[in-house]
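[1] My questions concern the predicted model and sequence given below.
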Amino acid sequence: MKIKVGILGATGSVGQRFIQLLEDHPWFEVNYVAASPRSAGKSYQEAVSGRWLMSTPMPDNVKNLIVQDASEIDAAQGKCSIIFSAVNMAKDDIRKLEKAYAKEGFAVLSNNSAHRHTDNVPVLIPEINPDHTEIIHDQRKAYGWDKGLLAVKPNCSVQSYVTPIYALMEQGYKVSEMIVTTLQALSGAGYPGPSSLDMIDNIVPFIGGEEEKSELEPQKILGKVQDGKIVYNQNIKISAHCNRVPVIDGHTACVSMKFADKKPNLEEILDIWKNFKGEPQKMELPMAPLQPIIYEKENDRPQPRKDRNNDKGMAVTVGRLRDGNVFDYRFVGLSHNTIRGAAGGGILNAEYLVKIGLIEI
Ligand SMILES: NC(=O)c1ccc[n+]([C@@H]2O[C@H](COP(=O)([O-])OP(=O)(O)OC[C@H]3O[C@@H](n4cnc5c(N)ncnc54)[C@H](OP(=O)(O)O)[C@@H]3O)[C@@H](O)[C@H]2O)c1
């Protein structure tokens, strides 16, 4: 018997990726799809007609599910116990909607930024901060939730640079300052995204709100749980430049990093990245990449087209590690924004929470 899951925003770019990744999932089965009132009442196949974005055919098991209005929570009762949230709405409305589902006993795993800075909501990358899930006990106490919970995944480019620096920090090397320049794919803007005439033959050096997310979310992920809150790690300072580039999928980050005191040498860094493993790998979770950080030696890698699908789109591919001229070292990180950075990351979070018993089935 598989665990029944639902998707809010199932018709959108990330929602469709959830549908695709969950098609043959060994633990989970999609049994509830919801979106805006525009799609509600139609079969899933009808609601996404003409805008199915995935390169694989729509799975048969979702074609005839009737899309519900996401705000009508009663419709989800009895159909699923886990809710993946990928709606695009005003942040206040998302905050209310996600909490309302959690109050009704659903485990809500969100892709949205709305709750990323809520004190008692973990921003999870289970290879990095699995211990932050302990805040869920405080969350349940604070809101009077019984089985419900709320956990989110970070912004879609964050893992490209936070996973490699966390691997070094875990070995006692304190990264203190970083300059990160992201080159972010079009699918990160949802469907249909920026117009072709704005993007072909062009780069747009602004993505609203993205630099703030890229600078602040890592401090929460690398922070610690204390007195019912997650305290941000302010010992690491990040300055980000975020650019939209004419790539379909895959966010790249060009990183310069500086260490607070002792620094590893280049060989040690490569060795640490190669051997880095987190809880999802030890637990052999279905969505976990075998190797979370893959280093590509060629001097023109990583590239989105060649490297975004490494290990089912869940690995971070790193390359171009070299000395820096201003900071200690430089490297380039890349990860798939709608897989590791969105739906795949959300599914991995759910698997981890099921495995440690925080999602009760
Ligand atoms: N794209 C990425 O790489 C990425 C990565 C990480 C996180 N995210 C986040 O994931 C969320 C979804 O992104 P996306 O790229 O999938 O956006 P999208 O393609 O624009 O899809 C938006 C989804 O939200 C639904 N929706 C819109 N208004 C709604 C309402 N009032 N009530 C209920 N549902 C509503 C839409 O339903 P209809 O089809 O009925 O309009 C659609 O299913 C966003 O918060 C985004 O920031 C995206």
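    Noted; the coordinates are in hand.
[2] The closest residue to residue 303 other than its chain neighbours in helix, strand or coil?
    Once flanking residues are discounted, residue 303 sits nearest to residue 334: 7.5 Å by CB to CB, 6 or more residues apart in numbering. Backbone N, C-alpha and C define where each C-beta goes, glycine included. Recorded secondary structure, residue 334: strand (DSSP: H, G, I helix; E, B strand; the rest coil).
[3] so what's residue 334 up against?
    The contact partners of residue 334, by CB atoms under 8 Å, 6 or more residues apart in numbering, come to 160, 250-253, 302-304, 307-308, 316-319.
[4] Provide a list of residues in contact with the closest residue to the ligand within the chain.
    Residue of the chain nearest the ligand, by CB to the nearest ligand atom: residue 12 (2.0 Å). Counting by CB under 8 Å, 6+ apart, residue 12 touches 35, 86, 87, 88, 190, 191.
[5] Contact residues of the protein facing the ligand?
    The chain comes close to the ligand at residues 9-15, 35-36, 38-39, 70, 86-89, 111-112, 156, 187-188, 190-191, 337-338, 341-342, as judged by CB under 6 Å from any ligand atom.
[6] need the strands for the chain, in chain order.
    Along the chain, the segments classed as strands by DSSP state E run 3-8, 28-35, 68-69, 82-85, 107-110, 149-152, 175-184, 224-226, 229-231, 237-244, 251-259, 293-296, 316-323, 329-335.
[7] Could I get the average pLDDT for the shortest one?
    Strand 68-69 comes out with an average pLDDT of 98.
[8] Parallel or antiparallel, list what pairs with that strand.
    Paired strands of strand 68-69, with direction, are strand 28-35 (parallel) (DSSP bridges).
[9] Now do the strand it pairs with against strand 3-8, angle only.
    In terms of direction (axes from the mean of the first three to the mean of the last three CA atoms, to 10 degrees), strand 28-35 departs from strand 3-8 by 20 degrees.
[10] What remains of the contacts of residue 12 if I keep only buried residues?
    With neighbours counted using 16 or more other CB atoms under 10 Å, the contacts of residue 12 contain these buried positions: 35, 86, 87, 88, 191.
[11] Any chance of a markdown table for those residues, columns pLDDT?
    Formatted as a markdown table, these follow (pLDDT from 0 to 100):
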| residue | pLDDT |
| --- | --- |
| 35 | 98 |
| 86 | 97 |
| 87 | 97 |
| 88 | 94 |
| 191 | 88 |
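[12] ok, residue 71 touching residue 94?
    No. Using CB atoms under 8 Å, residue 71 makes no contact with residue 94, being 11.2 Å away.
[13] So between those two, which is more surrounded?
    A count of neighbours by other CB atoms under 10 Å puts residue 94 above the other of residue 71 and residue 94, at 21 against 17.
[14] Name the nearest residue to that one, sequence neighbours excluded.
    Once flanking residues are discounted, residue 94 sits nearest to residue 114: 3.9 Å by CB to CB, 6+ apart.
[15] right, and residue 186 touches residue 194 too?
    Yes. Using CB under 8 Å, residue 186 is in contact with residue 194, at 6.5 Å.
[16] ok, residues contacting stretch 283-290?
    Residues from elsewhere that reach stretch 283-290 (CB under 8 Å, 6+ apart): 21, 25-27, 126, 280-281, 310-312, 314-315, 344, 347-348, 351-352, 355.
[17] Emit the PyMOL select command for whichever of these are buried.
    Remark: buried members of the contacts of stretch 283-290, expressed as a PyMOL selection using 16+ other CB under 10 Å:
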select buried, resi 21+25+27+126+280+281+310+311+312+314+315+344+347+348+351+352+355
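[18] List the contacts of the closest residue to residue 82 other than its chain neighbours.
    Take residue 82 and drop its neighbours on the chain: the residue closest to it by CB to CB, 6+ apart is residue 5, 4.4 Å away. Residues near residue 5 by CB under 8 Å, 6+ apart: 22, 28, 29, 30, 31, 32, 80, 81, 82, 83, 84, 350.
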